[in-house]
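Sharing a sequence plus its predicted fold:
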Amino acid sequence: MTTAFLGLKDGKTAGFSISGHSGFAPSGKDIVCAAVSSAAYFAANLLSEIDTKIKICLGEDRFLVFLSLPGEETERVMRVLRLQLLDISKQYPENLRLCCLNFKGGTHNDSCKYSALRS
């Protein structure tokens, strides 16, 4: 299953993480992974045009994006990404899980609250 996390801080989306393989079909033929990857790359490319200090980390099975200055423009992009991922997760609930992490307070892990975005 692919898992997508959206990180929220002070009511703004501060970044996202996508990891795992959806398992819908073998690698290279998986339409769920292709849809999620396309949405993530599109969002990351658009965000990099808005936020020149964005941090993008690509790994074997992980895609991480951290915004330096979440704002009105980046929030619109992240809202569209969330809607796209929600649509995919509704069509393929066994293959994509979409979650939200609300960061509150200091830097300790126990100060983070987790809540699912799925409807």
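Okay, I see it. Numbers count the residues shown, from 1 in each chain.

tell me the contacts of the residue lying closest to Lys12 once chain neighbours are set aside?
With CB to CB, 6 or more residues apart in numbering as the criterion, Lys12 has its nearest non-adjacent residue at 3.9 Å, and that residue is Pro70. (Each C-beta comes from the backbone N, C-alpha and C, glycine too.) Residues in contact with Pro70 (CB atoms under 8 Å, 6 or more residues apart in numbering) are Lys9, Lys12, Thr13, Ala14, Met78.

from memory Ile18 sits against Thr3, does it?
Yes: counting by CB atoms under 8 Å, Thr3 is a contact partner of Ile18 at 7.3 Å.

separation between the most centrally placed residue in the chain and Ala25?
When the chain is reduced to its mean C-alpha position, the nearest residue by CA atoms, centre = their mean turns out to be Phe16, at 3.5 Å. Here Phe16 is placed at a distance of 24 Å from Ala25 (CB to CB, to the nearest Å).

Same check on Ala14?
The value you get for Ala14 to Ala25, if CB to CB is used, is 32 Å.

And Ser48, by the same measure?
Between Ser48 and Ala25 the distance, using CB to CB, works out to 30 Å.

Look at Ser111 and report its pLDDT.
Listed pLDDT for Ser111 reads 32.

Now do the strands in the chain.
2-9, 12-19, 55-58, 62-66, 96-103, 112-116 (DSSP state E).

Lovely, talk soon.
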